[in-house]
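Chemist: What follows is a predicted protein model with its sequence.
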Amino acid sequence: MKKSLHFRSFFETTPWHKTLRKTLHFHSFSSPPSCTFLGPNLPDVWIPKENNTSPHTLLPQSFQWSNDGHSARIIEGKPIAKQIKLKVADEIRKMKSEIGKFPRLAVVLVGDRKDSHTFIHVKMKACDKVGIGTVVSELPESCTENELLDVVSGFNDDDDVHGIVVQLPLPQHLDEERIMNVIRPEKDVDGFHPLNIGNLAIRGRKPFFIPCASKSCIELLLRHGVEIRGKRVAIIGRSKIAGLPTSLLLQVTKKNVVAENREENVSIAIWL
Ligand SMILES: Nc1nc2c(c(=O)[nH]1)N[C@@H](CN(C=O)c1ccc(C(=O)N[C@@H](CCC(=O)O)C(=O)O)cc1)CN2
């Protein structure tokens, strides 16, 4: 039996996400899905059978935004991260039990940077906790661009790999742009591929993935009941990882937002 489904995950339950959600339609899980994007072994579209809890109803009362227009507030992210991880783990558990499949992430690390090792360790631990499989490819600092491209292409073609992260920064002799361009956009979980960034910038277009730092900023605001529409927003930092995609995201999702980017490589601050 075939059934048409909207992509809908835990994140896609808010009006903001509705504007960005993927509009892919695929088969139900009762018959093996034929998947264009993620390969034959994982549905491109996944809705757990029971998934209608609004994340916003889980907010403690004390977290609600006081709407006096002037007060500043430090937003606590950890409890929200915990809720999200629990929900993702639950979705993956259901996916495993309903269709016997689960997502896998490939991480590519070049060189010996200690911070990069720490970051990928954190990512893999987080994956492990929620039931996402991981595979790591570590390449020496001296590797050639073609060697790195071969590794990425291998993951692109591997149906058991559904997401690819090439940890940045790369050693200087490697052309980051060229590497990023090679990652299949539908496996580009960082959302750094030009197609994904480009689609993020154009109203009505839908990137496969949105850079996580930007997505999480908006998610935190929404979960704290902050109305984004019509606000002036200052974003400090223009990095492609956080500042730039955040300003794009705010501009395409809500009219009237003014986003200013200043000073590269500074973490984001948002004032409303
Ligand atoms: N392929 C990628 N490479 C890199 C990314 C990325 O998203 N994808 N981002 C950074 C490194 N990074 C994760 O990989 C990362 C860096 C910094 C933080 C962060 O939360 N920093 C906080 C401090 C947090 C703390 O001290 O507890 C901050 O700056 O305020 C998260 C992830 C570059 N490479």
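Modeler: Everything's here; your move. Everything numeric in this text was worked out from a predicted model, so none of it was measured. Numbers count the residues shown, from 1 in each chain.

Chemist: List, one by one, the residues from the stretch 151-272 of the chain near the ligand.
Modeler: 165-168, 190, 241, 267 (Cβ under 6 Å from any ligand atom). To be clear about C-beta, it is placed using only N, CA and C from the backbone, and glycine gets the same treatment.

Chemist: Show me which pair in these is furthest apart.
Modeler: Maximum pairwise distance among those (Cβ to Cβ): 21.7 Å, between Val166 and Ser267.

Chemist: picking that back up, from the residues of the stretch 151-272 of the chain next to the ligand, keep the buried residues only.
Modeler: 165-168, 190, 241 (16 or more other Cβ atoms under 10 Å).

Chemist: show me where the stretch 1-150 of the chain has strands.
Modeler: Ranges of strands within the stretch 1-150 of the chain are 104-110, 133-139, based on DSSP state E, counting those that start in this stretch.

Chemist: Mean neighbour count, those strands: which tops it?
Modeler: Among the strands of the stretch 1-150 of the chain, strand 104-110 has the highest mean neighbour count (mean count of other Cβ atoms under 10 Å), at a mean of 22.

Chemist: So what touches it?
Modeler: Contact with strand 104-110 is made by 116-117, 120, 123-124, 127, 132-141, 143, 148, 151-152, 155, 158, 160-167, 170-171, 174, 189, as judged by Cβ atoms under 8 Å, 6 or more residues apart in numbering.

Chemist: Residue of the stretch 151-272 of the chain nearest the ligand, please.
Modeler: Leu168 (3.6 Å; Cβ to the nearest ligand atom).

Chemist: Is that residue in contact with Ser239, as I believe?
Modeler: No - using Cβ atoms under 8 Å as the test, Leu168 is too far from Ser239 to be in contact (10.0 Å).

Chemist: re the thing from before, the residues of the stretch 151-272 of the chain next to the ligand in strands, which ones?
Modeler: 165-166 (DSSP state E).

Chemist: With distance to Leu109 and pLDDT as added columns, please give the residues of the stretch 151-272 of the chain next to the ligand in a markdown table.
Modeler: Listed next are these as a markdown table, based on distance: Cβ to Cβ, whole Å; pLDDT from 0 to 100:
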| residue | distance to Leu109 | pLDDT |
| --- | --- | --- |
| Val165 | 9 | 98 |
| Val166 | 8 | 98 |
| Gln167 | 5 | 98 |
| Leu168 | 10 | 97 |
| Asp190 | 14 | 97 |
| Ile241 | 16 | 90 |
| Ser267 | 23 | 41 |
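
Chemist: Nearest to Arg232 among the residues of the stretch 151-272 of the chain next to the ligand?
Modeler: Ser267 (19.4 Å).

Chemist: Pull the contacting residues for the closest residue to the ligand within the stretch 1-150 of the chain.
Modeler: Taking Cβ to the nearest ligand atom as the measure, the stretch 1-150 of the chain has Phe119 as its residue closest to the ligand, at 3.6 Å. With contact taken as Cβ under 8 Å, 6+ apart, Phe119 is in contact with Gln167.
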